[in-house]
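Participant: need a structure here:
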Amino acid sequence: MKIYFITGNKFKFEEVKKMLFSVKNLELEQLDLELEEIQEIDPRKVIEHKLKQALEHVKANVMVEDTSLGLECINNLPGPLIKWFLKTVKEEGLFKIAESLGNNKARALAIIGFAKSKKEIDFFEGEVSGTIDSPAGENGFGWDVIFRPEGYSKTFGQMESLEKNKISHRFLAIKKFKEFLVKN
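Facilitator: From the prediction side, this is the model:
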């Protein structure tokens, strides 16, 4: 089965490809499409909108993944708006917000949307609790340098990809997606 992973992020594509390598007869192809990203607090609505747009270009088997980072101190914002927060306040700014409000608890969420058609859409979620720390590390991408998963002493950005990919929110969502692919 061929699945088109709609992403312009080559790092995300490679990470997901490594996680899905064991699925028999799966061919994952990156497709970089300029899709409108609606501004919405509900990440499923963001993903569904992207999937339906992608299906205008590719008629079946499209996949979109979106991550959210929610800070408890600001009612789980930025959530799916994380891209815009990183562009404006950057990782250091998010850390300073959490630090100044005295609550650095956070939640990392990955949702994968998979569509065979506009009427056949499935979602797979992975979530990891953790804290927002001062930026540390050189690995990963996005906000990896400030997110420290619960039970660990280092941020995703300080972890080697093999270590991160065994515990991340993306890994948990991919694990559910793999189970779905194997059953279907």
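Participant: And the helix or strand hosting residue 85, how far out from the chain middle?
Facilitator: Per DSSP states H and E: residue 85 is located in helix 82-88. With Cα atoms, centre = their mean, to the nearest Å as the basis, helix 82-88 stands 14 Å off its chain's centre.
Participant: Show me what secondary structure element comes after that helix.
Facilitator: Stepping forward along the backbone from helix 82-88, the first helix or strand reached (DSSP H and E) is helix 90-101.
Participant: Same question for whichever helix or strand comes after that next one: list its buried residues.
Facilitator: Beyond helix 90-101 in the direction of the C-terminus, DSSP H and E gives the next helix or strand as strand 105-117. Taking 16 or more other Cβ atoms under 10 Å as the basis for neighbour counts, the residues of strand 105-117 that come out buried are 106, 107, 108, 109, 110, 111, 112, 113, 114, 115. All C-beta spots, glycine's among them, are computed from the backbone N, C-alpha and C.
Participant: between those, which is closest to residue 44?
Facilitator: The shortest gap between residue 44 and any of the buried residues of strand 105-117 belongs to residue 111, at 6.4 Å (Cβ to Cβ).
Participant: That closest one against residue 121, yeah?
Facilitator: No - with contact defined as Cβ atoms under 8 Å, residue 111 does not count as touching residue 121 (11.5 Å).
Participant: Could you say which helix or strand holds the residue nearest in space to the middle of the chain?
Facilitator: Central residue of the chain (Cα atoms, centre = their mean): residue 67, 2.9 Å from the mean position. Residue 67 belongs to strand 62-71 when elements are defined using DSSP H and E.
Participant: What is the subsequent helix or strand relative to that strand?
Facilitator: strand 77-79.
Participant: name the helices or strands packed onto that following strand?
Facilitator: Judged by 3 or more Cβ pairs under 8 Å, 6 or more residues apart in numbering; DSSP states H and E, the packing partners of strand 77-79 are strand 62-71, helix 82-88.
Participant: Mind listing the strands it pairs with, and their directions?
Facilitator: Taking DSSP bridges as the criterion, strand 77-79 pairs within the sheet with strand 62-71 (antiparallel).
Participant: Measure how the partner strand sits relative to strand 105-117, angle-wise.
Facilitator: For the pair strand 62-71 and strand 105-117, the angle between their directions (axes from the mean of the first three to the mean of the last three Cα atoms, to 10 degrees) equals 160 degrees.
Participant: what about residue 127, neighbour count?
Facilitator: Other residues near residue 127 number 14, with proximity taken as other Cβ atoms under 10 Å.
Participant: secondary structure element for it?
Facilitator: Residue-wise, residue 127 maps onto strand 120-132 under DSSP H and E.
Participant: Give me the sheet partners of the helix or strand following that strand and which way each runs.
Facilitator: Sequence-wise, the next helix or strand downstream of strand 120-132 (DSSP H and E) is strand 147-149. Each strand that strand 147-149 pairs with, and the sense of that pairing, follows from DSSP bridges: strand 120-132 (antiparallel).
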